[in-house]
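In: all I have is the shape, not the residue letters:
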């Protein structure tokens, strides 16, 4: 059972709970809140999904890993968001097909799987929330497929660096391996591309860091 102060926090991320009286009552009876520290592995491939989490705070990375250990990020979810693969596993009663790891200390509302399925059938507001979630994340996954299948890796690395850059803090704390894991390639490929970028004067690399020197140059490469 969820406490009143936690209900108020849940209503901030799920505003439909303020109007849906029956759903709100069920939510108070069946939902529960837990804190999950960073670096916790929530799911590995093949796990059963006993509950779905909606984040109040924090960030979770969902990724796939090949037999050789190569990774690619599928998506992240943060405050007010949830994991579509978990939702799909609960609805289809299949096993989790990826890995989910907490990147920043998280606090989440958990809904047990049987309750989740019941609410899909009984409450339009809940069904709309889940279907909107599925639609949004599906578009994100399609973008990942498009990137991997049709875009050159040097353009993807350039785009990644531009998207991660903070104008106030141009130095990114990223290793070559972390960039490779994000983009689904090898560290050697990333190192070669970063060496080319450094030769063009667009970046400067250090131990575990990449400093963006020329945003326009990277942006032009990203569009190439």
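Out: Ah, there it is. Only a predicted model underlies this, so the values are computations on that prediction, with no experimental measurement involved. Numbering: from 1, shown residues only.

In: give me the element the residue nearest to residue 19 when sequence neighbours are not counted is part of.
Out: Excluding the flanking residues, the one nearest residue 19 by CB to CB, 6 or more residues apart in numbering is residue 125, at 7.5 Å. Just so you know, the C-beta spots here come from the backbone N, C-alpha and C atoms, and that holds for glycine as well. In the assignment (DSSP states H and E), residue 125 maps to helix 124-150.

In: in that helix, what counts as buried?
Out: Going by neighbour count (16 or more other CB atoms under 10 Å), the buried part of helix 124-150 is 125, 126, 129, 130, 133, 137, 144, 147.

In: and the residues you listed as TSV, adding distance to residue 82 and pLDDT?
Out: Below are those laid out as TSV (distance: CB to CB, whole Å; pLDDT from 0 to 100):
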residue	distance to residue 82	pLDDT
125	15	91
126	12	93
129	9	90
130	8	92
133	6	88
137	9	86
144	18	87
147	23	86
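
In: which one of these is nearest to residue 115?
Out: Closest approach to residue 115 among the buried residues of helix 124-150 (CB to CB): residue 126, at 10.1 Å.

In: need the contact list for the residue lying closest to the closest one once chain neighbours are set aside.
Out: Using CB to CB, 6+ apart and skipping the chain neighbours, the partner closest in space to residue 126 is residue 119 (4.3 Å). Shown in contact with residue 119 (CB atoms under 8 Å, 6 or more residues apart in numbering): 23, 26, 111, 126, 127.

In: between these, which sits nearest residue 70?
Out: When the contacts of residue 119 are compared against residue 70 (criterion: CB to CB), the nearest one is residue 111, at 33.1 Å.
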